[in-house]
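**Student:** This is a predicted model, with the sequence first.
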Amino acid sequence: MIEHRPLAEIGGTLSDRLAAKHHFALGRYGNPGHGPLGVLYVWNDDELAPHSGFPLHRHEDVEIVTYVREGVITHEDSLGNRGRTHAGDVQVMSAGAGIEHSERNDEQVVTRIFQIWIKPRKGGGTPRWGSKPFPRADRAGRLVPLASGRSLDEALPIDADADVYGALLVAGGVLDISLAEGQAGYLVPAVGTVDVNGVSVAAREGVAVRNERSIKVRAVTDAELVLVIVGQME
């Protein structure tokens with residue numbers, strides 16, 4: 001089953017500092033009809049105004065993957081980590097038993113990110129943070145693992161039954177993606193329009209894939225894609 005989530009149906013919030021779209025419902029945020037996909041339960045499309053962001057706050061028992069679409073995000077946390085993650089690159093934070101962190105746009109221009117939350121395999125554990133560049137040229141015409149719970153080569157590690165991928169396609173390019181039995185996926189074009197098994201999906205829209213053993217993604221225009229594949233669905 002291919003479930004298309006048009007941008008107009010994705011709940012959002014707006015302030016002077018933040019414009020956000022919430023692909024999944026969480027609390028008062030998002031469209032109540034957009035429930036979690038297995039262990040994937042948050043996909044926020046955030047636009048941070050210059051010199052703004054999320055002040056120091058606490059998380060426990062969540063794997064947070066941040067994909068920077070445009071600009072730079074600056075991370076600081078209670079472990080003493082500090083880093084800047086640039087457009088096209090990825091950072092991962094495993095909250096474990098508890099960590100305080102801030103995510104800021106310290107630049108003069110808008111920063112746009114996808115922030116993806118995934119349930120860990122188990123609670124507790126030692127929190128950690130990491131960031132890594134993923135050159136866009138390396139993703140041309142193919143899926144590249146960005147964060148993985150299966151120790152995929154070159155990917156940032158997460159402690160969850162899920163993998164996060166990125167790809168770039170030129171117009172007319174095609175990806176054939178296989179899913180194991182019980183797996184599901186959620187795909188969002190950061191840029192461009194794609195056709196997923198016959199369904200047209202525009203930039204920043206989402207498509208949830210359930211009970212499909214394969215999907216064919218064809219780029220209608222040049223496109224930049226982010227895909228999360230989750231393990232066995234309950």
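**Tutor:** Happy to help now that I have it.

**Student:** and Ala203, what does it touch?
**Tutor:** Pro189, Ala190, Val191, Gly192, Thr193, Ala223 (CB atoms under 8 Å, 6 or more residues apart in numbering). All C-beta atoms are positioned from the backbone trio N, CA, C, and that covers glycine.

**Student:** any idea how far it lies from Thr85?
**Tutor:** Using CB to CB, to the nearest Å, one obtains 21 Å as the distance from Ala203 to Thr85.

**Student:** Let's have the contacts of Ala203 in a markdown table, adding distance to Leu79, neighbour count and pLDDT.
**Tutor:** Formatted as a markdown table, the contacts of Ala203 follow (distance: CB to CB, whole Å; neighbours: other CB atoms under 10 Å; pLDDT from 0 to 100):
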| residue | distance to Leu79 | neighbour count | pLDDT |
| --- | --- | --- | --- |
| Pro189 | 34 | 26 | 98 |
| Ala190 | 29 | 22 | 97 |
| Val191 | 33 | 14 | 97 |
| Gly192 | 37 | 19 | 98 |
| Thr193 | 40 | 17 | 98 |
| Ala223 | 36 | 24 | 98 |
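
**Student:** Glu47 is in contact with Asp16, isn't it?
**Tutor:** No: using CB atoms under 8 Å, Glu47 makes no contact with Asp16, being 11.7 Å away.

**Student:** Please say which of these two ends up with more neighbours.
**Tutor:** Using other CB atoms under 10 Å, the more surrounded residue of Glu47 and Asp16 is Glu47, with 18 against 7.

**Student:** Flag every buried residue along stretch 166-178.
**Tutor:** Gly166, Ala167, Leu168, Leu169, Gly173, Leu175, Ile177 (16 or more other CB atoms under 10 Å).

**Student:** likewise stretch 145-153?
**Tutor:** Pro145, Leu146, Ala147, Ser148, Gly149, Leu152.

**Student:** Show the contacting residues for the third one.
**Tutor:** With contacts defined as CB under 8 Å, 6+ apart, Ala147 is in contact with Glu63, Val65, Val90, Val92, Ala155, Leu156, Pro157, Ile158, Asp163, Val164.

**Student:** From these, which land in helices?
**Tutor:** Among the contacts of Ala147, DSSP state H puts none in helices.

**Student:** List the contacts of the closest residue to Leu48 other than its chain neighbours.
**Tutor:** Nearest residue to Leu48 in three dimensions, chain neighbours excluded: Asn105, at 4.0 Å (CB to CB, 6 or more residues apart in numbering). Counting by CB under 8 Å, 6+ apart, Asn105 touches Leu48, Ala49, Pro50, His51, Ser52, Gly53, Gly71, Val72, Ile73, Thr74, Thr111.

**Student:** Any idea which helix or strand in this structure has the lowest mean pLDDT?
**Tutor:** Counting by mean pLDDT, DSSP states H and E, the chain has its least confident helix or strand at strand 11-14, which shows a mean of 91.

**Student:** I appreciate the help and will end here.
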